[in-house]
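Novice: one predicted model, sequence on top.
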Amino acid sequence: MKMPARFALLIAAASLATLPPAIYAQTRRLKVIREDGGPIEYANVAVEGGLNQITDDSGFVSFGAGKRTTYNVRVMRIGYAPWFGKLELPDTAATLLVTLPFSTQVLKKVVVTDTSHTHVGLTMKGFYDRWMMRQKGLLSAVFIGPEELEFRHPDKITNMLRGLNGVCVGPAIITHDGGKTTGWSTQMYAFSSHSGEMIPNQRCPMCPMAVVIDGQQQYPPAQPGVVSIDRLLDANDVAGIEVYARAGNMPISLQVNDTKCGVIAFWTGSRH
(Lines give C-alpha, C1' and ligand atoms only; values in the text may rest on other atoms or scores of the structure.)
Protein backbone atom coordinates (compact mmCIF):
# COMPACT_ATOMS: atom_id res chain seq x y z
CA MET A 1 0.00 0.00 0.00
CA LYS A 2 1.37 3.39 -0.99
CA MET A 3 2.05 5.73 1.92
CA PRO A 4 0.27 9.14 1.74
CA ALA A 5 2.66 11.96 0.84
CA ARG A 6 2.01 13.91 4.04
CA PHE A 7 3.02 10.92 6.21
CA ALA A 8 6.16 10.36 4.15
CA LEU A 9 7.15 14.00 4.70
CA LEU A 10 6.56 13.69 8.45
CA ILE A 11 8.73 10.56 8.67
CA ALA A 12 11.49 12.23 6.64
CA ALA A 13 11.41 15.31 8.89
CA ALA A 14 11.54 13.13 12.00
CA SER A 15 14.54 11.28 10.61
CA LEU A 16 16.39 14.53 9.89
CA ALA A 17 15.57 15.83 13.38
CA THR A 18 17.40 12.87 14.91
CA LEU A 19 20.67 13.77 13.15
CA PRO A 20 23.30 15.79 14.98
CA PRO A 21 22.88 19.53 14.25
CA ALA A 22 26.28 19.80 12.52
CA ILE A 23 25.40 16.98 10.11
CA TYR A 24 21.88 18.25 9.53
CA ALA A 25 22.98 21.79 8.68
CA GLN A 26 26.42 20.94 7.26
CA THR A 27 27.67 23.90 9.26
CA ARG A 28 31.29 24.99 9.38
CA ARG A 29 31.99 26.68 12.70
CA LEU A 30 34.82 28.54 14.34
CA LYS A 31 35.36 28.25 18.08
CA VAL A 32 37.44 30.90 19.84
CA ILE A 33 39.00 29.77 23.10
CA ARG A 34 41.40 30.96 25.78
CA GLU A 35 44.73 29.30 26.48
CA ASP A 36 43.09 27.29 29.26
CA GLY A 37 40.52 25.94 26.79
CA GLY A 38 37.57 28.03 27.98
CA PRO A 39 35.36 29.77 25.39
CA ILE A 40 35.66 33.48 24.65
CA GLU A 41 32.28 35.17 24.37
CA TYR A 42 31.69 38.11 22.01
CA ALA A 43 35.02 37.72 20.21
CA ASN A 44 35.00 39.80 17.03
CA VAL A 45 35.51 37.65 13.93
CA ALA A 46 36.20 39.59 10.72
CA VAL A 47 36.22 37.60 7.48
CA GLU A 48 37.39 39.17 4.23
CA GLY A 49 34.50 40.30 2.11
CA GLY A 50 31.90 39.84 4.85
CA LEU A 51 30.37 41.48 7.89
CA ASN A 52 31.97 41.16 11.29
CA GLN A 53 30.43 38.56 13.56
CA ILE A 54 30.68 37.84 17.28
CA THR A 55 30.97 34.51 19.05
CA ASP A 56 28.17 33.25 21.27
CA ASP A 57 28.45 32.32 24.95
CA SER A 58 30.09 29.02 23.94
CA GLY A 59 32.70 30.73 21.78
CA PHE A 60 31.17 29.68 18.45
CA VAL A 61 30.48 31.56 15.25
CA SER A 62 28.97 29.86 12.20
CA PHE A 63 30.12 30.12 8.60
CA GLY A 64 27.20 28.04 7.31
CA ALA A 65 27.39 25.47 4.54
CA GLY A 66 29.38 25.93 1.36
CA LYS A 67 32.23 24.82 -0.84
CA ARG A 68 35.79 24.34 0.35
CA THR A 69 37.42 27.75 0.51
CA THR A 70 40.15 29.71 2.28
CA TYR A 71 39.56 33.05 3.99
CA ASN A 72 41.76 35.64 5.61
CA VAL A 73 40.36 35.99 9.11
CA ARG A 74 40.96 38.40 11.99
CA VAL A 75 39.85 37.46 15.50
CA MET A 76 39.96 40.07 18.27
CA ARG A 77 38.74 40.48 21.82
CA ILE A 78 39.91 43.28 24.06
CA GLY A 79 42.06 41.78 26.80
CA TYR A 80 43.50 39.14 24.46
CA ALA A 81 46.21 39.21 21.80
CA PRO A 82 44.59 39.33 18.34
CA TRP A 83 44.85 36.48 15.84
CA PHE A 84 45.38 36.99 12.12
CA GLY A 85 45.65 34.20 9.58
CA LYS A 86 44.10 32.02 6.92
CA LEU A 87 41.37 29.52 7.68
CA GLU A 88 40.58 26.72 5.24
CA LEU A 89 36.90 25.87 5.47
CA PRO A 90 36.03 22.36 4.28
CA ASP A 91 32.92 21.52 2.27
CA THR A 92 31.58 19.39 5.14
CA ALA A 93 30.58 20.08 8.73
CA ALA A 94 33.61 20.92 10.84
CA THR A 95 34.71 22.98 13.83
CA LEU A 96 37.91 25.00 13.59
CA LEU A 97 39.71 26.32 16.67
CA VAL A 98 41.46 29.64 17.27
CA THR A 99 43.20 30.28 20.58
CA LEU A 100 43.68 33.82 21.84
CA PRO A 101 46.37 34.24 24.50
CA PHE A 102 45.78 36.72 27.29
CA SER A 103 47.37 40.09 26.67
CA THR A 104 49.77 41.22 29.35
CA GLN A 105 50.58 44.49 31.02
CA VAL A 106 54.12 45.13 32.19
CA LEU A 107 54.25 47.17 35.38
CA LYS A 108 56.59 46.06 38.15
CA LYS A 109 55.97 42.53 37.00
CA VAL A 110 54.07 40.85 34.18
CA VAL A 111 50.40 40.69 35.07
CA VAL A 112 47.93 38.48 33.20
CA THR A 113 44.43 39.91 33.37
CA ASP A 114 41.26 37.89 32.76
CA THR A 115 38.84 40.19 30.95
CA SER A 116 35.92 37.81 30.62
CA HIS A 117 33.68 40.33 32.37
CA THR A 118 34.60 43.40 30.31
CA HIS A 119 32.03 45.40 28.35
CA VAL A 120 29.40 44.89 31.05
CA GLY A 121 27.95 48.24 29.96
CA LEU A 122 27.37 47.11 26.36
CA THR A 123 25.96 43.80 27.60
CA MET A 124 23.51 45.50 29.95
CA LYS A 125 22.39 47.83 27.18
CA GLY A 126 21.49 44.88 24.96
CA PHE A 127 24.15 45.69 22.36
CA TYR A 128 25.43 42.12 22.01
CA ASP A 129 21.94 40.60 22.21
CA ARG A 130 20.86 42.70 19.23
CA TRP A 131 24.08 41.81 17.38
CA MET A 132 23.31 38.11 17.87
CA MET A 133 19.76 38.75 16.61
CA ARG A 134 21.20 40.30 13.45
CA GLN A 135 23.40 37.24 12.90
CA LYS A 136 20.24 35.12 13.10
CA GLY A 137 18.55 37.28 10.47
CA LEU A 138 16.09 38.90 12.86
CA LEU A 139 17.41 42.45 12.40
CA SER A 140 18.83 44.49 9.56
CA ALA A 141 21.69 46.47 11.02
CA VAL A 142 25.43 47.02 11.04
CA PHE A 143 27.30 46.71 14.34
CA ILE A 144 30.69 48.19 15.15
CA GLY A 145 32.11 46.82 18.38
CA PRO A 146 34.87 48.01 20.71
CA GLU A 147 37.49 45.77 19.08
CA GLU A 148 36.92 47.30 15.65
CA LEU A 149 36.95 50.82 17.09
CA GLU A 150 40.17 50.12 18.96
CA PHE A 151 41.74 48.55 15.87
CA ARG A 152 40.97 51.50 13.58
CA HIS A 153 41.54 54.39 16.04
CA PRO A 154 39.32 56.92 14.23
CA ASP A 155 40.02 60.60 14.80
CA LYS A 156 36.32 61.38 14.23
CA ILE A 157 33.52 58.93 14.87
CA THR A 158 31.89 59.68 11.50
CA ASN A 159 34.99 58.25 9.82
CA MET A 160 33.85 54.83 11.08
CA LEU A 161 30.60 55.25 9.13
CA ARG A 162 31.97 56.19 5.72
CA GLY A 163 31.33 53.49 3.15
CA LEU A 164 28.58 51.70 5.09
CA ASN A 165 25.70 50.52 2.92
CA GLY A 166 22.69 52.80 3.15
CA VAL A 167 24.55 55.63 4.90
CA CYS A 168 25.90 58.81 3.35
CA VAL A 169 28.25 60.97 5.40
CA GLY A 170 28.07 64.54 4.21
CA PRO A 171 28.36 68.12 5.43
CA ALA A 172 25.95 69.37 8.04
CA ILE A 173 23.83 72.26 6.83
CA ILE A 174 23.39 74.87 9.53
CA THR A 175 21.30 78.02 9.17
CA HIS A 176 23.34 80.97 10.42
CA ASP A 177 22.44 84.64 10.11
CA GLY A 178 20.00 83.91 7.36
CA GLY A 179 22.50 81.97 5.25
CA LYS A 180 23.63 78.38 4.95
CA THR A 181 27.14 77.35 5.89
CA THR A 182 28.68 73.92 5.38
CA GLY A 183 31.93 72.10 5.90
CA TRP A 184 32.61 72.58 9.60
CA SER A 185 30.97 69.32 10.67
CA THR A 186 29.45 66.14 9.28
CA GLN A 187 26.08 64.44 9.44
CA MET A 188 24.73 61.00 8.56
CA TYR A 189 22.04 60.79 5.88
CA ALA A 190 20.03 57.78 4.71
CA PHE A 191 20.00 56.59 1.12
CA SER A 192 16.66 54.95 1.95
CA SER A 193 14.93 58.33 1.62
CA HIS A 194 12.31 58.39 -1.14
CA SER A 195 11.95 62.17 -1.24
CA GLY A 196 14.41 62.49 -4.12
CA GLU A 197 15.70 65.76 -2.67
CA MET A 198 19.48 65.96 -2.53
CA ILE A 199 21.88 68.26 -0.70
CA PRO A 200 23.10 70.89 -3.18
CA ASN A 201 26.43 69.91 -4.76
CA GLN A 202 26.48 66.69 -2.71
CA ARG A 203 25.56 63.05 -3.28
CA CYS A 204 23.64 62.73 -0.01
CA PRO A 205 19.82 62.83 0.17
CA MET A 206 18.14 65.37 2.41
CA CYS A 207 17.18 62.76 4.99
CA PRO A 208 19.22 63.04 8.21
CA MET A 209 19.20 59.87 10.34
CA ALA A 210 17.99 59.96 13.92
CA VAL A 211 20.89 60.02 16.38
CA VAL A 212 20.76 58.19 19.72
CA ILE A 213 23.47 58.42 22.39
CA ASP A 214 23.24 55.97 25.30
CA GLY A 215 19.55 55.43 24.65
CA GLN A 216 18.62 59.13 24.44
CA GLN A 217 17.66 60.69 21.12
CA GLN A 218 19.55 63.85 20.21
CA TYR A 219 17.73 66.74 18.58
CA PRO A 220 18.85 69.67 16.42
CA PRO A 221 19.25 73.03 18.12
CA ALA A 222 16.30 75.38 18.37
CA GLN A 223 17.29 77.00 15.11
CA PRO A 224 17.04 74.92 11.92
CA GLY A 225 19.90 72.50 11.63
CA VAL A 226 20.97 68.90 12.15
CA VAL A 227 22.65 66.87 14.86
CA SER A 228 26.41 66.97 14.36
CA ILE A 229 27.72 63.85 16.09
CA ASP A 230 31.38 64.87 15.82
CA ARG A 231 30.61 67.92 17.95
CA LEU A 232 28.78 65.82 20.55
CA LEU A 233 31.11 62.84 20.89
CA ASP A 234 34.82 62.27 21.07
CA ALA A 235 35.77 59.17 19.07
CA ASN A 236 37.72 57.78 22.03
CA ASP A 237 34.58 57.81 24.20
CA VAL A 238 32.56 55.51 21.91
CA ALA A 239 32.43 51.79 22.78
CA GLY A 240 29.85 50.57 20.25
CA ILE A 241 27.75 51.70 17.28
CA GLU A 242 24.54 50.36 15.75
CA VAL A 243 23.37 51.50 12.32
CA TYR A 244 19.81 50.95 11.09
CA ALA A 245 19.66 52.40 7.58
CA ARG A 246 15.86 52.15 7.41
CA ALA A 247 12.97 52.23 9.83
CA GLY A 248 11.77 48.70 9.15
CA ASN A 249 12.99 45.70 11.14
CA MET A 250 14.20 47.87 14.01
CA PRO A 251 14.13 46.70 17.66
CA ILE A 252 11.52 48.27 19.90
CA SER A 253 14.23 49.39 22.33
CA LEU A 254 15.59 51.77 19.68
CA GLN A 255 12.28 53.03 18.32
CA VAL A 256 12.59 56.80 18.60
CA ASN A 257 10.82 59.76 17.04
CA ASP A 258 10.99 60.19 13.27
CA THR A 259 12.81 57.01 12.22
CA LYS A 260 11.88 57.25 8.53
CA CYS A 261 15.53 57.96 7.67
CA GLY A 262 16.94 55.29 9.95
CA VAL A 263 18.72 55.41 13.30
CA ILE A 264 22.35 55.44 14.40
CA ALA A 265 22.89 54.54 18.06
CA PHE A 266 26.15 55.29 19.85
CA TRP A 267 27.11 53.73 23.17
CA THR A 268 29.79 55.42 25.23
CA GLY A 269 32.14 54.09 27.90
CA SER A 270 35.44 52.31 28.27
CA ARG A 271 36.39 49.75 25.63
CA HIS A 272 38.53 47.84 28.10
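Specialist: Right, received. Where do you want to start?
Novice: surely Phe257 is in contact with Ala210?
Specialist: I think there's a mix-up here, since residue 257 is Asn and not Phe. Yes - assessed by C-beta atoms under 8 Å, Asn257 is found in contact with Ala210 at 7.1 Å. The way it works is simple: take the backbone N, C-alpha and C, and place the C-beta from them, glycine included.
Novice: between those two, what contacts are shared?
Specialist: Here Asn257 and Ala210 have Gln217 as joint contacts, going by C-beta atoms under 8 Å, 6 or more residues apart in numbering.
Novice: Pro39: how many residues sit nearby?
Specialist: 16 (other C-beta atoms under 10 Å).
Novice: give me the beta-bridge partners of it?
Specialist: Beta-bridge partners of Pro39, counted by DSSP bridges, are Ile33.
Novice: for it, which residues are in contact?
Specialist: Taking C-beta under 8 Å, 6+ apart as the contact definition, Pro39 lies against Lys31, Val32, Ile33, Thr55, Asp57, Ser58, Gly59, Phe60.
Novice: greatest separation within those: which pair is it?
Specialist: Greatest spacing in these, by C-beta to C-beta: Ile33 and Asp57 (12.9 Å).
Novice: who's more crowded, those two?
Specialist: Between Ile33 and Asp57, counting by other C-beta under 10 Å, Ile33 is the more crowded of the two (17 against 11).
Novice: so which bits of stretch 74-88 are buried?
Specialist: Arg74, Val75, Met76, Arg77, Ile78, Gly79, Tyr80, Pro82, Trp83, Leu87 (16 or more other C-beta atoms under 10 Å).
Novice: rewinding a little: who's more crowded, Asn257 and Ala210?
Specialist: Remark: of Asn257 and Ala210, Ala210 carries more neighbours, 24 against 7, as counted by other C-beta under 10 Å.
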